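Participant: Coordinates for the following, if possible.
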Amino acid sequence: MSENIKFQELQNFLNQNEIPKIKGKPKTFLGIAKQPHYENVISNIYAFFFNVNEEHHFKDLFIKSLLELLKTSRLGKEKSTLINTFFNFEITTEYTTNKGGRIDLLLSSPENSIIIENKVYHHLNNNLDDYWESVSSTNKIGVILSLQHISRSNYSAFEYASNFICITHKKLMQQIQKNMGLYLLDANEKYTIFLKDFIQNITNLSTKMMNKKEIDFYFKNQQKIRDTKAFLESVEHHVKTEIEKAGNVLNGVNLNTPRANSNSSNVLRYFISDKNKNLMFTILFDKLTNGENKLVIIIELQHKALKDKRKYHKIDLSEEELKICFTDNFLNTNNFWAHFALKEYILEAEDIHNLSSFIIDKLEKDNFISIFRKLESFLEN
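Facilitator: As a prediction, the model looks like this:
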């Protein structure tokens, strides 16, 4: 197949199909802390909010919501005495069982207990009989909190399996959201934010990165999608090659290319002065192929060249040169690098096609070369 035919097929595919935009999941505090799925962390948060006397002032929101879900189930109807008389309970995390196991969360009073096994990504391989026999309350029920529903057939081998019910974390959060409006007036504002963030964290854990429609689209069009990705990579390679060509033909500088696969490799290239290694042109191109079509040309100073930045005001710069010099970054940064001069460009397709010529042209016409040479001379003295 000729390249022209393949290109036309790709063009037709893009014209005829709307590429699904994958929605990212909102960040949460637990996600930022790299602990969104830690079962003990989630159990501790549950324990805090199940405590009706805690300073969150959500009172019985959590236990009320859980009992409402239990009440609608067949098992809950069988345990109606517990459901209707569950109050004045204590909360224990990591409750030690007779055989040395750990119940994640135990809500208990002398007469009533709710045994909660908190599952996130781990399989249910806990000894539910041991859990059941380790709690002495007259009325008790077991709850398996999980991300996805776990059928009773998965734990039916246990003698007391019929006393356990699976409720998903998401379903519990939905019930809490349904009820929380009645509690917001008295709730502590800080913990209202924490609770909403916790609900979002559970939602993130319970939601797949891609939905079935998006996966179906990929499998239906995967070759064209791979072709599109390869085409983008070719454009990116063209951009890098053209920038490096400009660096190689420009007199008085050495091209510096970041290590392959480093963070900087797809972001920038340096043209370093032959006379001073702390003076360079920096070409930023990471926004050139992301839809913004933006290229940034910078004169950058580093390390020793930044000692006493006020001295650069002594350089005799023209009015036109001054328009791009002494950027806010240069005046205010405390980094080991600073942008002395900078200008952004929005490029057309023709500019990208002849990118090396575009860069050389702008370096000359927009006074970058003249400023660069003045800096070289100033730093030599």
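Participant: show me the contacts for the closest residue to Leu295 other than its chain neighbours.
Facilitator: Once flanking residues are discounted, Leu295 sits nearest to Tyr345: 4.8 Å by Cβ to Cβ, 6 or more residues apart in numbering. For glycine as for every other residue, the C-beta is placed from the backbone atoms N, C-alpha and C. Tyr345 is in contact with 294-297, 351, 358, 362, counting by Cβ atoms under 8 Å, 6 or more residues apart in numbering.
Participant: Can you list which of those are found in strands?
Facilitator: Under the assignment DSSP state E, these contribute 294-297 to strands.
Participant: ranges for the helices of the stretch 101-250 of the chain?
Facilitator: 128-133, 169-180, 189-206, 212-249 (DSSP state H, counting those that start in this stretch).
Participant: would you list these in a markdown table and tack on distance to Ala157?
Facilitator: Formatted as a markdown table, those follow (distance: least, Cβ to Cβ, whole Å):
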| stretch | distance to Ala157 |
| --- | --- |
| helix 128-133 | 9 |
| helix 169-180 | 24 |
| helix 189-206 | 27 |
| helix 212-249 | 32 |
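Participant: Would you mind telling me which of those is nearest Leu317?
Facilitator: helix 212-249 (23.7 Å; Cβ to Cβ).
Participant: residues of the closest one that come out buried?
Facilitator: Neighbour-count burial for helix 212-249 flags 217, 225, 227, 239-240, 242-247 (criterion: 16 or more other Cβ atoms under 10 Å).
Participant: if we can go back for a sec, could you grab the helix/strand/coil label for the residue nearest to Leu295?
Facilitator: Three-state assignment for Tyr345 (DSSP: H, G, I helix; E, B strand; the rest coil): strand.
Participant: And it, how close does it get to Thr228?
Facilitator: 26 Å (Cβ to Cβ, to the nearest Å).
Participant: try Leu107
Facilitator: 53 Å.
Participant: contacting residues around Leu105?
Facilitator: Per Cβ under 8 Å, 6+ apart, neighbours of Leu105: 43, 46-47, 50, 91-93, 95, 116, 118.
Participant: make it 6 Å
Facilitator: With contact taken as Cβ atoms under 6 Å, 6 or more residues apart in numbering, Leu105 is in contact with 43, 46, 93, 116.
Participant: my read is the second one is in a strand, agree?
Facilitator: Okay, so that is Tyr46. No: counting by three-state DSSP, Tyr46 is not part of a strand but helix.
Participant: Start at 36, not 1
Facilitator: New numbering, starting at 36: the last item is Tyr81.
Participant: what's the span of stretch 313-323 from first residue to last?
Facilitator: 26 Å (Cα to Cα, to the nearest Å).
Participant: oh, I was asking about stretch 87-106
Facilitator: OK, stretch 87-106 end separation, Cα to Cα: 20 Å.
Participant: Can you give me the buried ones in it?
Facilitator: Those would be 87, 91-105, for stretch 87-106 by 16+ other Cβ under 10 Å.
Participant: Pull out the buried positions in stretch 345-356.
Facilitator: 347, 352, 356.
Participant: actually stretch 386-396, not the one I typed
Facilitator: Buried-residue list, stretch 386-396, by 16+ other Cβ under 10 Å: 386-387, 390-391, 393-395.
Participant: Stretch 295-315 now?
Facilitator: 303-308, 311, 313-315.
Participant: Give me the contacts around it.
Facilitator: Here stretch 295-315 has contacts from 278, 282, 285, 287-289, 291, 293, 316-319, 321, 335, 337-340, 410-411, 414, using Cβ under 6 Å, 6+ apart.
Participant: From those, which land in helices?
Facilitator: Judged by DSSP state H, these include 278, 282, 410-411, 414 as members of helices.
Participant: Next, work out how far apart the spatially closest residue to Lys205 that is not a sequence neighbour and Thr203 are.
Facilitator: Spatial nearest neighbour of Lys205, excluding adjacent residues (Cβ to Cβ, 6+ apart): Ser241 at 4.1 Å. Distance, Ser241 to Thr203, using Cβ to Cβ: 7 Å.
Participant: neighbour-wise, which of the two wins?
Facilitator: Thr203 (19 against 16; other Cβ atoms under 10 Å).
Participant: And the more buried one, what's its pLDDT?
Facilitator: Residue-level confidence at Thr203 comes out at 96, pLDDT.
Participant: separation between it and Ser186?
Facilitator: 12 Å.
Participant: same thing with Gln257?
Facilitator: Taken as Cβ to Cβ, the span from Gln257 to Ser186 is 33 Å.
Participant: next one: His91
Facilitator: 34 Å.
Participant: before we move on, what about Leu267?
Facilitator: For Leu267 relative to Ser186 (Cβ to Cβ), the value is 44 Å.
Participant: what's the answer for Leu240, then?
Facilitator: 20 Å.
Participant: Neighbour count for those two, which is higher?
Facilitator: Leu240 (19 against 8).
Participant: For the more buried one, give me its contacts.
Facilitator: Leu240 touches Leu182, counting by Cβ under 6 Å, 6+ apart.
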